[in-house]
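Colleague: sequence first, then the predicted structure, then my questions.
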Amino acid sequence: MQAFAAKNVQAHAGPARQCAVPGRTGARCSRRATQPARLTQPIYASADKVAPLKAQAVDDIPVYTAVSTQSVADAQIRLDKPRVVVLGSGWASACFMKALPKDIKQKYEVVMVSPRNYFLYTPLLPAVAVGTMEERSIVEPVRNLVLGKGDYYEAVCKAIDPARKELVACFPKDAGFDEACFKIAYDILIIGVGSVNNTFGVQGVQEYCQFFKSIEDANALRRRISECFERAALPYTPEDERKKLLSFVICGGGPTGVEVAAEIHDFVYNDLKAHYPELLKDVRIRVIELMDYVLSTYDRKIGEFTNKQFERAGIELVLNTRVASVRDGYVAVMPKSGEQYEIPFGSCVWATGIAMNPLIKELQQLFLEQTHFRSALTDEYLRVKGSDGSIWAFGDACTIDQPRALQRADDLFEQADTNKDGLVGLRELQALLKQASKEFSHLEEHARFLEAKNKRFGGLVQRALAGSNGNGNSSSLMQTVEDTDELTKEQFRALLEKIDSGLRALPATAQVAKQQGEYLAEVLRHGSFDEESGVLRPSRKQAPFKYNHKGSLAYVGGDKAVMDIPKLGPIFGTEAGILWRGYETFAQISLRNQVLVLDNWVRTKLFGRDISSV
């Protein structure tokens, strides 16, 4: 066995090989002849021999070839076609695989590598947490997506070597087996590993809060809610403890936080009410939000409607407040104006913000061009900057490096100043942002914010008016703007500088990831692989990626929803709730999921939710 392993290691590091196909000549074989032989089968190592993830660590992770079931010749034959390795199985990766044509195998060898062997439809995750939806209804096995198009390995990428076009991946540690690692070579690497939860450095979040990003998180919240009610229902439970157990706190007033609060409220007052009537008086659901209304990235009318809807339902909104720290059973909050105080909780859900995936952080160390604080910088075709076109990225793992509007500040100011008075009013600014977004796409989102009088954008304007350098206190982030406000050229430049440096070009949403996945599938389908340079080149007719915002929506409880649709404006109420359910049903990734989700809606309406903890 050792001799066999040594022989394979020698083959891996040995001299140039011959063409895999007898009689084959040309660029493909000449390019391959300069590279070491590469195996396609998993190459295993024991868990205790795996080094921690670090930049350029491919050779630091021991791998073995003794259990390879294919000969080197067979492996070479499979490598006659360019190999595309896709990391991740989230929105972008799943939509990419679904959009690939059925005959993609004739052109490429596609391999998906992900520690999660299913795709998760995240918008309905809050519904899973309370039993409105069964978890199996919103997941699709990855192998269904890759069937007939490529292969799938359940593994997590540990290291990437762009120079040799190799990566090391290992079987997940938490799967119950010893970790198994293997090397896999690629011609085209597509990174869709997503993002991770962002605690913003708040002490105690990691230890005492429940995150809400995965099926495991939703199931944990469901068990926690059940345990809180069962513990509170025990005889002789002290009143203080009972009130604490039945206090549910959601940190973050974005779509996820709002939907979690709405689903918990529906669950309590539609299903648990009959079983725990004596406990209802002690139930409190609170949403902590930094802004003065929830859903702050939507049209302001939607945020105001949601505020009123929650107030009528009894959901408490703790607005203009940030989380200072969290300890066991208590979250300390700091209002914009006031003193810090604590809120007791039985369950605290952390649903605010995302951070860079560790793999992206390590990748950034390999390329000087990578300077973004949260994701990999790509060009307009989604090619990772610094990789010479061999690495691509999509979804939360990437940010398109847009041209900076500040570089054309003077021209844009002259364009906006239609009356030539040396000042730009807010109406002029809004018109400019819409027009300039054709060249600087990241300005489109801010045009919508300004139109909706969004206070987050208002804070940028107010700091520009005040000549702030952007280092003010948190209250400067929450200002409104009036139609009478005007900007000088210097203030206009300060505003553009803040917009350019502080915000992503595109929102980190499933909608963006889906469109990027489908776009990259088109690039792969119509592009060509350059044998000499070893990179994928988009076709001449292929346009750069352009995000088409189709709207935003969220469930706010009581069979009501809110929708922010371009050109139509805000829609909210029961009618929006019907549209929301219809959209979430037919937006599923497969017909099987569509049928299951529809069945779950009907089942919940007829029989209610399952109140057990399983």
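Modeller: Arrived safely.

Colleague: all helices of the stretch 51-200 of the chain, in order?
Modeller: 72-78, 91-99, 125-129, 142-146 (DSSP state H, counting those that start in this stretch).

Colleague: how far does stretch 341-349 stretch from start to finish?
Modeller: Distance across stretch 341-349, first residue to last, is 18 Å (CA to CA, to the nearest Å).

Colleague: quick check: bridge partners of the spatially closest residue to Ala94 that is not a sequence neighbour?
Modeller: Sequence neighbours aside, Phe119 is the residue nearest to Ala94 in space, at 4.0 Å (criterion: CB to CB, 6 or more residues apart in numbering). Quick note: C-beta positions are derived from backbone N, CA and C, even for glycine. According to DSSP bridges, the partner residues bridging Phe119 are Glu140.

Colleague: give the contact list for Phe119.
Modeller: 89-91, 93-94, 139-142, 145, 589 (CB atoms under 8 Å, 6 or more residues apart in numbering).

Colleague: and the gap between it and Lys158?
Modeller: From Phe119 across to Lys158, the span is 22 Å (CB to CB, to the nearest Å).

Colleague: so who does the closest residue in space to Ser114 that isn't next to it in sequence touch?
Modeller: Taking CB to CB, 6+ apart, and ignoring the residues beside it in sequence, Ser114 has Ser89 as its nearest neighbour in space, at 3.8 Å. Counting by CB under 8 Å, 6+ apart, Ser89 touches 112, 114, 116-119, 142.

Colleague: ok, the residue nearest to Ala94 to Ile589 distance?
Modeller: Noted for Phe119: a distance of 6 Å to Ile589, by CB to CB.

Colleague: name the residues contacting each of these two.
Modeller: Contacts common to Phe119 and Ile589, judged by CB under 8 Å, 6+ apart, are 94, 140, 145.

Colleague: for the first one, what are its contacts?
Modeller: Neighbouring residues of Ala94 by CB under 8 Å, 6+ apart: 119, 140, 142, 145, 517, 589.

Colleague: how about CSV for those, with distance to Thr237 and pLDDT added?
Modeller: As requested, the contacts of Ala94 are exported to CSV (distance: CB to CB, whole Å; pLDDT from 0 to 100):
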residue, distance to Thr237, pLDDT
Phe119, 42, 97
Glu140, 42, 97
Val142, 45, 97
Leu145, 48, 96
Gly517, 49, 97
Ile589, 44, 96
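
Colleague: now those as a markdown table including distance to Lys498?
Modeller: Shown next, in a markdown table, are those (distance: CB to CB, whole Å):
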| residue | distance to Lys498 |
| --- | --- |
| Phe119 | 37 |
| Glu140 | 41 |
| Val142 | 41 |
| Leu145 | 41 |
| Gly517 | 31 |
| Ile589 | 38 |
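
Colleague: which of the contacts of Phe119 are buried, as a PyMOL select command?
Modeller: A single PyMOL command selects the buried members of these (16 or more other CB atoms under 10 Å):
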select buried, resi 89+90+91+93+94+139+140+142+145+589
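
Colleague: among the contacts of Phe119, which one lies nearest to Ser612?
Modeller: Distance ranking of these against Ser612, using CB to CB, places Val139 first at 20.1 Å.

Colleague: how far does stretch 136-144 sit from the chain's center?
Modeller: 18 Å (CA atoms, centre = their mean, to the nearest Å).

Colleague: first-to-last residue distance for it?
Modeller: End residues of stretch 136-144 are separated by 14 Å (CA to CA).

Colleague: now the nearest residue to Arg136 once chain neighbours are set aside, what's its secondary structure?
Modeller: Nearest residue to Arg136, sequence neighbours excluded (CB to CB, 6+ apart): Leu596, at 6.9 Å. At Leu596, secondary structure determined by DSSP: H, G, I helix; E, B strand; the rest coil is helix.

Colleague: try the one 3 residues further on
Modeller: Three-state assignment for Asp599 (three-state DSSP): helix.

Colleague: burial check on it, number of neighbours?
Modeller: A count of nearby residues for Asp599, using other CB atoms under 10 Å, gives 13.

Colleague: list the contacts for it?
Modeller: Here Asp599 is in contact with Ser137 (CB under 8 Å, 6+ apart).

Colleague: do Val111 as well
Modeller: Neighbours of Val111 in contact, by CB under 8 Å, 6+ apart: 83-86, 150-153, 184, 186.

Colleague: and it, how far is that from Leu568?
Modeller: Noted for Val111: a distance of 42 Å to Leu568, by CB to CB.

Colleague: nearest residue to the middle of the protein?
Modeller: The residue lying closest to the centre of the chain (CA atoms, centre = their mean) is Asp396, at 4.3 Å.

Colleague: so what's that one closest to, chain neighbours aside?
Modeller: Asp396 sits nearest to Ser195 (CB to CB, 6+ apart), 4.0 Å away.

Colleague: and the one you found, what are its bridge partners?
Modeller: Met356.
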